[in-house]
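[1] Sequence first, then the predicted structure, then my questions.
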Amino acid sequence: MFTDVTFYQLPSSEFSARREELLAKLPDNTVSVLFAGVAPVASLDESYPFLPNRNFFYLSGIEQEDSVLVLIKHGASYAGDSDSEEFTGNEARLYIYPREPEKEKWTGRRLSVEEAEAISGVTDVRVLSSFEKDLEELLESDYNFAWDESDMSHQRHNLEQRLEKSDRFDAVTDISGFLTMLRMVKSPLEVEAVTRAIQVTEEALEVLQTKIYPGISEREIYAILESEMIRRGSFFQGFKTIVAGGENTLCLHYPTPVAIIHEGEMVQIDMGARAAGYSADISRAYAVSADGKRNSRQQALFELICECKKTALETIRPGSTISKVNEETRKTAAAGLRELGVIPRSEADPLEAVKKYYWHNTLHHLGLDVHDVCEREKDFEAGNVFAVEPGIYIPEWGFGFRVEDDVLVTENGSRYLSHPQK
Ligand SMILES: [Mn+2]
């Protein structure tokens, strides 16, 4: 299999539908302003890679720096100057940099108006320089303003100053909560995007498995995985790939893969490619040994973690919550660790004692962000997508790991989007 997501993107109808869904939640006469943001400066004229603000991207599909999306809900009674018969009372404007051949010689091609329209479905695409004047007009109207308060960009900060100056600041509506609610429930096309990201991730892992040998370095594994994901069109991953061997497996977000992994040790891999902006999140634990087999302790821990994952899958269904899944899987982990003698049989409170070994959450929402936005204690519903990653770390044994798969909540339960490790 060779999945290629280089040119894969969601259709503009998806973004148009999301804008309509958001505006349905807002009162008439509201202007929402969202910003793509700019890449943070690393040093002097060097910037970090640019990834758009996720809420802006969710509503536009646009990945070009400094773009602005303005959504105006006039209301159904608004006649305006729109002559379209299908006019819903909603208006969308997208502001982007104009094409500039001289600048593009340095920093690459920019989107044309037609391209931006094709991606986003916004038919009113304007040049960024007209945003100021348009904003001035909107500020003079009696419309209320709304924005995404989770956006920390300087663009939103500038807007804040403008709103303060025009005495509009106190009445601004925060739409980040609405966007969180929308983003938590994935559409069929979003599930497909996550699935493609998973395919890229799994194919990279498949290539890797033929190349692991005792004495391999963490960085070589990292390089193989990165290369296989990039070859398949995932240039920016959902997060920095984690490759940890031996005792380094005890560190959850082990940052710098450099160590050699010896015969008889485990390697922990936690990675996720991106497709159409959506992230996968998969963790695997492989035995590094001449025959590729786990020793008895490694096997025992692997089986216990799979048991926890089974408990999690049985608990993930509409109506369940993150706390419930955590609680149930912790019980399975506690019982198993007692069985293995890691928690002594004399221990009065195994559910407390297990926290030393089973200390991170079992699952998190997955989507445009790898730890996707959520209202934490909200009941699960069909369309939620989770990364499920029970992990047990035993310092006394010198290793630990997690096994992570991606799961879709269905009408009656849940199902794997990835292919669990055997
Ligand atoms: Mn995860």
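    Ah, there it is.
[2] any idea how far residue 282 is from residue 159?
    38 Å (Cβ to Cβ, to the nearest Å). Just so you know, the C-beta spots here come from the backbone N, C-alpha and C atoms, and that holds for glycine as well.
[3] So which of these two has more stuff around it?
    residue 282 (27 against 20; other Cβ atoms under 10 Å).
[4] wait, what's in contact with that one?
    Going by Cβ atoms under 8 Å, 6 or more residues apart in numbering, residue 282 touches 198, 201, 202, 205, 270, 271, 272, 387, 404, 405, 406, 418.
[5] Next up, the contacts around the fifth one.
    When contacts are counted by Cβ under 8 Å, 6+ apart, residue 270 touches 241, 242, 281, 282, 283, 389, 402, 404.
[6] Run a quick neighbour tally on the first one.
    I take that to be residue 241. So residue 241, with other Cβ under 10 Å, has 20 neighbours.
[7] For it, which non-adjacent residue is closest in space?
    Nearest non-adjacent residue to residue 241, counting by Cβ to Cβ, 6 or more residues apart in numbering: residue 271, 4.2 Å away.
[8] bridging residues for the one you found?
    Taking DSSP bridges, one finds residue 282 as the beta-bridge partners of residue 271.
[9] what about it, neighbour count?
    Neighbour tally, residue 271, other Cβ under 10 Å: 26.
[10] thought it was touching residue 234?
    No. In this structure, residue 271 is not within contact of residue 234 by Cβ atoms under 8 Å, at 10.1 Å.
[11] And the contacts of residue 270, which of them are buried?
    Neighbour-count burial (16 or more other Cβ atoms under 10 Å) is assigned, among the contacts of residue 270, to 241, 242, 281, 282, 283, 389, 402, 404.
[12] Make CSV out of those and add pLDDT and distance to residue 222.
    Shown next, in CSV, are the buried ones among the contacts of residue 270 (pLDDT from 0 to 100; distance: Cβ to Cβ, whole Å):
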residue, pLDDT, distance to residue 222
241, 98, 6
242, 98, 9
281, 98, 17
282, 98, 15
283, 98, 14
389, 98, 19
402, 98, 18
404, 98, 17
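[13] can you list those residues in TSV and add distance to residue 351?
    TSV is the format used below for these (distance: Cβ to Cβ, whole Å):
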residue	distance to residue 351
241	33
242	28
281	27
282	28
283	24
389	20
402	19
404	23
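[14] residue boundaries of the helices in this structure?
    For the chain, the helices defined by DSSP state H occupy 12-24, 54-60, 101-107, 113-120, 131-140, 154-165, 176-184, 188-209, 218-231, 296-315, 322-339, 350-353.
[15] can you name the farthest residue from the center of this structure?
    In the chain, the residue that sits farthest from the middle, by Cα atoms, centre = their mean, is residue 346; the gap is 42.4 Å.
[16] do you know how far that residue is from the ion?
    Noted for residue 346: a distance of 34 Å to the ion, by Cβ to the ion, to the nearest Å.
[17] List the residues that contact the closest residue to residue 269 other than its chain neighbours.
    Distance criterion Cβ to Cβ, 6+ apart; nearest residue to residue 269, sequence neighbours excluded, is residue 284 at 5.0 Å. Residue 284 makes contact with 205, 268, 269, 403, 404, 421 under the criterion Cβ under 8 Å, 6+ apart.
[18] pLDDT wise, what is residue 79 at?
    In the predicted model, residue 79 carries a pLDDT score of 65.
[19] do the same with the one 4 residues further on
    Turning to residue 83, the model gives it a pLDDT of 60.
[20] residues near the closest residue in space to residue 38 that isn't next to it in sequence, how many?
    Using Cβ to Cβ, 6+ apart and skipping the chain neighbours, the partner closest in space to residue 38 is residue 65 (5.0 Å). By other Cβ under 10 Å, the residues close to residue 65 number 17.
[21] The stretch 101-250 of the chain against the ion: which residues are in contact?
    Proximity of the stretch 101-250 of the chain to the ion (Cβ under 5 Å from the ion) involves no residue at all.
[22] quick one, what contacts the residue in the stretch 101-250 of the chain that the ion sits nearest to?
    Nearest residue of the stretch 101-250 of the chain to the ion: residue 239, at 8.3 Å (Cβ to the ion). Going by Cβ under 8 Å, 6+ apart, residue 239 touches 271, 272, 279, 281, 370.
[23] just those now: which is nearest the ion?
    residue 281 (4.1 Å).
[24] Assess the claim that the closest one and residue 406 are in contact.
    Yes. Using Cβ under 8 Å, residue 281 is in contact with residue 406, at 6.3 Å.
[25] what touches both of those two?
    Residues touching both residue 281 and residue 406 by Cβ under 8 Å, 6+ apart: 366, 387.
[26] check contacts around the residue nearest to residue 118 when sequence neighbours are not counted.
    The shortest distance from residue 118 to any non-neighbouring residue, by Cβ to Cβ, 6+ apart, is to residue 12 (6.4 Å). By Cβ under 8 Å, 6+ apart, the residues touching residue 12 are 61, 117, 118, 119, 120, 121.
[27] So what's the residue count around the first one?
    It refers to residue 61. Neighbour tally, residue 61, other Cβ under 10 Å: 24.
[28] same check, this time on the second one
    Residue neighbour count, defined by other Cβ under 10 Å, stands at 16 for residue 117.
[29] How about it, nearest residue that isn't a chain neighbour?
    Spatial nearest neighbour of residue 117, chain neighbours left out: residue 125 (5.3 Å); criterion: Cβ to Cβ, 6+ apart.
[30] Now for the one you found, how many residues are close by?
    Residue 125 has 20 nearby residues by other Cβ under 10 Å.
[31] Backbone dihedrals for residue 273, both of them.
    phi -70, psi 170 (degrees, to the nearest 10).
[32] wait, what's in contact with residue 216?
    Shown in contact with residue 216 (Cβ under 8 Å, 6+ apart): 260, 261, 288.
[33] please redo it, this time with the cut-off set to 7 Å
    Counting by Cβ atoms under 7 Å, 6 or more residues apart in numbering, residue 216 touches 261, 288.
[34] From residue 154, how far off is residue 128?
    14 Å.
[35] Neighbour count for these two, which is higher?
    Counting neighbours by other Cβ under 10 Å for residue 128 and for residue 154 shows that residue 128 has the greater number, 15 against 11.
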